[in-house]
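**Q** mind folding the following:
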Amino acid sequence: MSKIEDPQVSAVEELEEPAEKAAALAVPAELVAQTFGEYVRALVWRVRAGDAGVLPVVAGLIIIGVLFQSLNSKFLTAVNLVNLLIQGAVYMLLAMAAVFALLLGEIDLSIGYVAGVGGVIMAELIKQGTGWPWGLAILVALLCTAAIGTLHGGLITLLGLPSFVVTLAGLLGWQGVMLLILGQGGVVPITSNVVNDFTSGQLTVLASWIVMLALVAVYGARVWLRDSRRRASGLVAPPVSITALKIAGVLVAGIVVVLICNSNRGITKPIRGLPWSVLIVLGVLVLWTLLLGRTKFGRYVYAIGGNAEAARRAGVSLITIRTLCFTLASFTAGIAGIIYASRLRSVSTSIDGGTLVLYAVAAAVIGGTSLFGGRGKAAHAVLGGLVIAAIDNGMGLQGYSAYVKFIVTALVLLAAVTIDSLTRRTRTAR
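**A** Numbering: from 1, shown residues only. Coordinates of the predicted model:
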C-alpha cells in the first residue's frame, strides 16, 4: 500500500489495513494511493484539506522570479543568481535555527546576536596576535553558541519562563557581550583565506559536476531502497513512478544549479564553480533533515509541538528535548554567524542581529513552518530563506529604499501566517 509519505504521521504506518491507515490519517480509503493517478488524487485531497506543503512557497518563488525579471533583465542572470544563493545562505541557516524553536510552538529571538557572538569569537581567535588554527577557532565558536542555547533552554524548561522573554533578554544581552568582546576598535578583519573562501571560494567546474552527481546518486539510492523496503513490508510508501520522479526532479534541479554556477561570472578573470557556501547550507540541511525526520529525537520534537501534555504522558522528557532544541538552534545560528563574517571578511559592531532574527523567523514561516508548533522541516527554512533573499536581491537591483524592502517582506510574512492559520483551521475542521 502506498500513500504520500509524511514523517510527521509515521506512527500510523504500523496499521495493517488500508482502511485503518486512511482513517488514522483522515484520508478517504480510496485515496490510499497505489498508482500515479491515485497519488495525484491524494495530493489534491491533501491540498484541499489544508496541507499544501511547499506548494505556496514554490509558487511564490516563481512569481518573484517572473516579476523581478520583467522589471530588470539582470535578475535571472547566472551572476545574480549565484550572488543570491551566497547572500541567502545566512538567511537559510538562521531560518533552520528558528525551525527548532518553532516546531515546539516556541520562539527564539536571540539567534541573530548569537550568530554575531559566534562570528566574533571565531574572528578574535584567528586574528593576528592570537593566531589560532581556523578549524579550532570555529569549533570553539560553535561550542560557545551551543552553550548559549543550552542556557536558554535550561531557563525555559527548568524555571518555566516564557521563551519569548528569555530569548528577548538574550537578544539584548548577547548584543552587549558581542560589543564587549569587540572592544574599542569595533572591527576585526578576517585574514584567514580558508574562512573567507566559505563564501568567496568555489569548486572547480569538474568538481562541481562530480559533487552534484555524487549527491544525487546518494539521494537516489537512499530514496529508492527506502521506498522499496517499505513497499515490500506493506508500509506506507509512494508508487514506483513517484519515487522515480522524485529522483529525476532532484537530478534536473542539480543540473540546473551546476550549469548556473559553472557559468563565468567574473569581470577581470573567469570565476566558475559551485560556491562553498551552497555546499555548507546543503550539508546542514541534510543533517537536520535526517535528525528531524529519521530519528527518535525528531519524532519527540513533533510530538511535543503537536501536544506537549500527550507527549509527556507517553514518557517523553520535555525538559531534555526542549533544551536540546534550543541548543541546536543556537549551534546552527553560530554556523550562520561564521558564514556572515566570511562574506563580510570581518566582524564589527554594525551586525544587526535584530533584523537578522526577524528575517529568520519570517523565512521559516514563509517556507511552511507553523507558528503553532508540530509542523515544519529544515527544507521549509531553506525555501523561505530563498524567498527572503530573492526579495532583498530583486529590490536591490531596482534601487528601492530600505523601507520598501521591510514593507514588502512584512506583507509576504503576513500572507504566509494567514495561509498557515487558515490551513490549520481547515485541518482542524476536517
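**Q** contact partners for the closest residue in space to residue 78 that isn't next to it in sequence?
**A** In space, residue 78 comes closest to residue 263 once its chain neighbours are excluded; the distance is 3.6 Å by CB to CB, 6 or more residues apart in numbering. Where you see a C-beta, it was placed from the backbone N, CA and C, and this is true even at glycine. Applying CB atoms under 8 Å, 6 or more residues apart in numbering to residue 263 gives the contacts 78-79, 272.
**Q** then residue 263 would be within a helix, right?
**A** No: going by DSSP: H, G, I helix; E, B strand; the rest coil, the assignment for residue 263 is coil, not a helix.
**Q** got phi/psi on it?
**A** phi -70, psi 150 (degrees, to the nearest 10).
**Q** how near is it to residue 79?
**A** Using CB to CB, to the nearest Å, residue 263 is found at 8 Å from residue 79.
**Q** from residue 86, how far out is residue 340?
**A** Per CB to CB, residue 340 is found 11 Å from residue 86.
**Q** please read the previous query as pertaining to residue 206.
**A** Residue 206 is 21 Å from residue 86, where distance means CB to CB.
**Q** tell me which of those two has more neighbours.
**A** Between residue 206 and residue 86, residue 86 has the larger neighbour count (other CB atoms under 10 Å), namely 22 against 10.
**Q** got a list of what residue 92 touches?
**A** 281, 285, 363, 381-382, 385-386, 389.
**Q** chain neighbours aside, what residue packs nearest to residue 144?
**A** In space, and not counting its chain neighbours, residue 144 is closest to residue 121: 5.6 Å by CB to CB, 6+ apart.
**Q** what are the buried residues along the strand or helix carrying the one you found?
**A** Per DSSP states H and E, residue 121 falls inside helix 111-126. For helix 111-126, a neighbour-count test (16 or more other CB atoms under 10 Å) marks 111-126 as buried.
**Q** what helices and strands are in contact with that helix?
**A** Helices and strands touching helix 111-126, by 3 or more CB pairs under 8 Å, 6 or more residues apart in numbering; DSSP states H and E, are helix 78-102, helix 134-158, helix 163-182, strand 187-189, helix 318-344, strand 346-348, helix 353-367.
**Q** 7 Å instead, please
**A** If you count contacts as 3 or more CB pairs under 7 Å, 6 or more residues apart in numbering; DSSP states H and E, helix 111-126 packs onto helix 78-102, helix 134-158, helix 163-182, helix 318-344, strand 346-348, helix 353-367.
**Q** tell me the angle of it relative to helix 353-367?
**A** Interaxial angle, helix 111-126 versus helix 353-367 (axes from the mean of the first three to the mean of the last three CA atoms, to 10 degrees): 120 degrees.
**Q** and helix 111-126, how far from the chain's centre?
**A** The chain centroid and the centroid of helix 111-126 are separated by 20 Å under CA atoms, centre = their mean, to the nearest Å.
**Q** tell me what angle it forms with helix 163-182.
**A** Angle, helix 111-126 to helix 163-182, by the same axes, to 10 degrees: 30 degrees.
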